[in-house]
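# curious how this folds, go ahead:
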Amino acid sequence: MPIKPTAPKLDLREEHFIVPSPHAALSLFLRYLPPAQSTTPNRRVVLYVHGGTFPSAVSIAHRFDGRSWRDELGDAGFHVWGLDFHGFGNLSDPCPEMVEAAENHAPLGRAEDASFQLEAAIRFICAHHGVPGLSIVAHSWGSIVAGRLASRCPELIDRLVFFGAIAQRERGDDPVRLPGWRLISLADQWNRFVADVPDGEPPVLLKRHFEEWGEAYLKVDPESRERDPAAVKTPSGAFQDIFDAWGGELAYDPASIQAPVAIIRGEWDSLCTDKDAAWLMSALRASRIRRDIKIGRATHLMHLEENRRALYRETQTFLCGDDSPDRTNDA
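Here you go, the predicted model:
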């Protein structure tokens, strides 16, 4: 069902859909961009799963100098979808508890709950295209959600690209406990772009690109400019899941994932380090195809940075699936 016409289209060819949420009386938002060639077979379907701070409009669908990641995927022959989880942006229904004080609730939007939202979206998309499964591109916390879903419903997943993936780390300090939601300002976002860039290195994101992106980011929350400083209200569940993973409790078992997996990370990504990637590669032992790809001069937000096209190319190559194991000698 197409969504109400108040949702702005980011491309004339973009289609919007609302699908029932696992939560009664709530709905989820999906945006869809068809491939550049209308004759592309339906089997090339990919769904983008966002991370813990901003939805699809300002990630895979955002255009820098007129070009977005989904434009690249569409030109390569993919049907490209984006899902917004509850509480991210203003197109999926918000978490009802987010109108109350953050301290009144445990972190909202945890991975288990989000994985059922993701399942509802995937089943709708598969029915729409008449295919049994699709591929997922997931960022950061989104890799936890996608991993949990892939563990529970392996038949729905063709391939997984985890970029800036979150891995399990050894328990260190006392566990972090967050409130239900938090506010994220433009200054908070800018600090994320610069925090991991080594001293003396030029920035990985042009200031003019950030300013343009920042305007779009604030628009995902209609109340953002009513706050001082302007900030977007975001569920804290994603951050809680990440802190728990770093406390020794990852919300899914990588060993249960059967689909091919690519781990793509930035050279300067402190949230997905060499040690994190090595742990994931080892833990994903049931997956017959695994790739660990590092992109130079990139951080955790590589999909918005100057080397984003390297991420585009590596993702596209993996999703095309020309690396299946040779089974001709199987007994």
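
# burial of the closest residue to residue 264 other than its chain neighbours, as a residue count?
Of all residues not flanking residue 264 in the chain, residue 163 sits nearest, at 4.1 Å (CB to CB, 6 or more residues apart in numbering). For every residue, glycine as well, the C-beta is placed using N, CA and C. Residue 163 has 27 neighbours, counted by other CB atoms under 10 Å.

# what's residue 163 in contact with, if anything?
137-140, 143, 263-265, 302-303, 311, 315 (CB atoms under 8 Å, 6 or more residues apart in numbering).

# I figured residue 168 hits residue 244, correct?
No - using CB atoms under 8 Å, residue 168 is not in contact with residue 244, being 9.3 Å away.

# show me the common contact partners of the two, please.
Going by CB under 8 Å, 6+ apart, residues that sit against residue 168 and also against residue 244 are residue 250.

# residue 23 and residue 86 touch, don't they?
Yes - contact criterion CB under 8 Å: residue 23 and residue 86 qualify, at 7.2 Å.

# picking that back up, per-residue pLDDT, the residue nearest to residue 264?
The per-residue pLDDT reported for residue 163 equals 98.

# the one 5 residues further on too?
With respect to pLDDT, residue 168 scores 98.

# helix, strand, or coil at the nearest residue to it once chain neighbours are set aside?
Among residues not flanking residue 168 along the chain, residue 250 sits closest, at 3.9 Å (CB to CB, 6+ apart). Assigned with DSSP: H, G, I helix; E, B strand; the rest coil, residue 250 falls in the coil class.

# longest helix in this structure, by residue count?
helix 111-129 (DSSP state H).

# circling back: who has more neighbours, residue 23 and residue 86?
residue 86 (25 against 16).

# distance of the closest residue to residue 283 other than its chain neighbours relative to residue 246?
Spatial nearest neighbour of residue 283, chain neighbours left out: residue 254 (3.8 Å); criterion: CB to CB, 6+ apart. Separation of residue 254 from residue 246 (CB to CB, to the nearest Å) stands at 15 Å.

# do residue 63 as well
33 Å.

# same question, residue 72
32 Å.

# who has more neighbours, residue 63 and residue 246?
Neighbours were counted for residue 63 and for residue 246 using other CB under 10 Å; residue 246 has more, 21 against 15.

# surely the more buried one is in contact with residue 144?
No - using CB under 8 Å, residue 246 is not in contact with residue 144; the gap is 11.7 Å.

# what's around the residue nearest to residue 283, how many residues?
24.

# next one: phi and psi at it?
phi -60, psi -30 (degrees, to the nearest 10).

# what's the pLDDT at the residue sitting nearest the centre point of the chain?
Note on the chain: the residue nearest the mean C-alpha position is residue 50, at 2.3 Å, using CA atoms, centre = their mean. Listed pLDDT for residue 50 reads 98.

# just checking, residue 117 touches residue 21?
Yes - using CB under 8 Å, residue 117 is in contact with residue 21, at 6.2 Å.

# and those two? which has more neighbours close in?
Per other CB under 10 Å, whichever of residue 117 and residue 21 has more neighbours is residue 117, with 23 against 19.

# next up, the contacts around that one.
Counting by CB under 8 Å, 6+ apart, residue 117 has contacts 21-22, 28, 83, 85-86.

# residue contacts, the residue nearest to the centre of the chain?
Contacts of residue 50 by CB under 8 Å, 6+ apart are 56, 59-60, 82-85, 88, 139, 142.

# go with 7 Å
Counting by CB atoms under 7 Å, 6 or more residues apart in numbering, residue 50 touches 56, 59, 88, 139, 142.

# and for residue 126?
With contact set as CB under 7 Å, 6+ apart, residue 126 has these partners: 132-134, 156.

# okay, now residue 200: neighbour count?
So residue 200, with other CB under 10 Å, has 5 neighbours.
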